[in-house]
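> structure for the following, please:
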Amino acid sequence: MPDAETSATGRLVVDIVDGTPGWPAIVTAAELAAAAQLAYLRGRTSTAGIVGTVPPGPAEVAIALSDDAAVRILNARFRGIDKSTNVLSFPAGGRDGGSGPLRLGDLALARETVEREANELGISARSHVLHLVVHGILHLLGYDHDAPTAAERMENLETMILAELGIDDPYAGLEPVDGAE
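This is a model prediction of the structure:
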């Protein structure tokens with residue numbers, strides 16, 4: 001996978017920055033772009049969601065394929081949590097210079113955490129990465145899981161999107177989310 005690859009599939013431009021060895025073996029740029037695009041389209045049009053908060057027109061997102069060390073630094077700096085996490089979402093919500101595509105925001109994924117969690121869950125790292133991209137895009141669209149009702153709405157939408165991508169329900173058999181990440 002090149003260092004920066006852009007896919008203008010549909011209405012979401014996806015910039016992928018691969019700065020950590022090992023990512024190409026997990027997931028392709030095309031798979032990342034497809035998951036992001038589908039989450040963007042479904043998240044914008046879901047009757048259970050926040051329709052109307054994202055202006056019409058093209059948008060763009062950057063996905064940084066990183067490692068635990070870099071994500072730990074970001075997590076400490078922006079969330080005050082000194083540990084790595086699987087995915088971080090950084091909403092932008094503006095247009096560069098007032099024109100052009102809407103800057104939806106950025107996602108940063110930590111390869112070691114993603115691989116460890118996938119192993120613990122008994123799923124492929126590919127499926128877990130695509131789930132986290134969907135989850136992150138929904139956060140950039142304003143979805144959250146701080147309250148049980150919001151968590152259920154977000155999980156149901158994630159499950160629907162993942163099914164379209166051929167990925168099993170990641171929440172099947174789990175206790176309902178209590179809002180903790």
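> where are the low-confidence patches of this structure?
Filtered on pLDDT under 70, the chain yields the residue ranges 1-10, 46-57, 93-99, 173-181.
> what ranges do the helices span in it?
29-45, 68-79, 111-121, 125-140, 148-164 (DSSP state H).
> JSON lines for the ones you listed, including distance to Asn86 and mean neighbour count?
To be clear about C-beta, it is placed using only N, CA and C from the backbone, and glycine gets the same treatment. As requested, these are arranged in JSON lines below (distance: least, Cβ to Cβ, whole Å; neighbours: other Cβ atoms under 10 Å):
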{"stretch": "helix 29-45", "distance to Asn86": "15", "mean neighbour count": "21"}
{"stretch": "helix 68-79", "distance to Asn86": "8", "mean neighbour count": "16"}
{"stretch": "helix 111-121", "distance to Asn86": "5", "mean neighbour count": "17"}
{"stretch": "helix 125-140", "distance to Asn86": "6", "mean neighbour count": "25"}
{"stretch": "helix 148-164", "distance to Asn86": "14", "mean neighbour count": "17"}
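> out of those helices, which comes closest to Gly105?
helix 125-140 (4.4 Å; Cβ to Cβ).
> on that earlier part again, okay if I get the helices of the chain as CSV plus distance to Ala59?
As requested, the helices of the chain are exported to CSV (distance: least, Cβ to Cβ, whole Å):
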stretch, distance to Ala59
helix 29-45, 7
helix 68-79, 22
helix 111-121, 24
helix 125-140, 9
helix 148-164, 17
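> out of those, nearest to Pro101?
Nearest to Pro101 among these is helix 29-45; the distance by Cβ to Cβ comes to 11.6 Å.
> what does stretch 58-70 contact?
1, 11-20, 23, 32, 36, 40, 84, 100-113, 133, 137, 140 (Cβ atoms under 8 Å, 6 or more residues apart in numbering).
> do stretch 111-119 as well
Residues outside stretch 111-119 that contact it (Cβ under 8 Å, 6+ apart): 20, 22-23, 26, 65-68, 71, 84-87, 124-125, 127-129, 132.
> at 10 Å what do you get?
Applying Cβ atoms under 10 Å, 6 or more residues apart in numbering, the external contacts of stretch 111-119 come out as 18-23, 25-27, 65-72, 83-87, 110, 123-129, 131-132.
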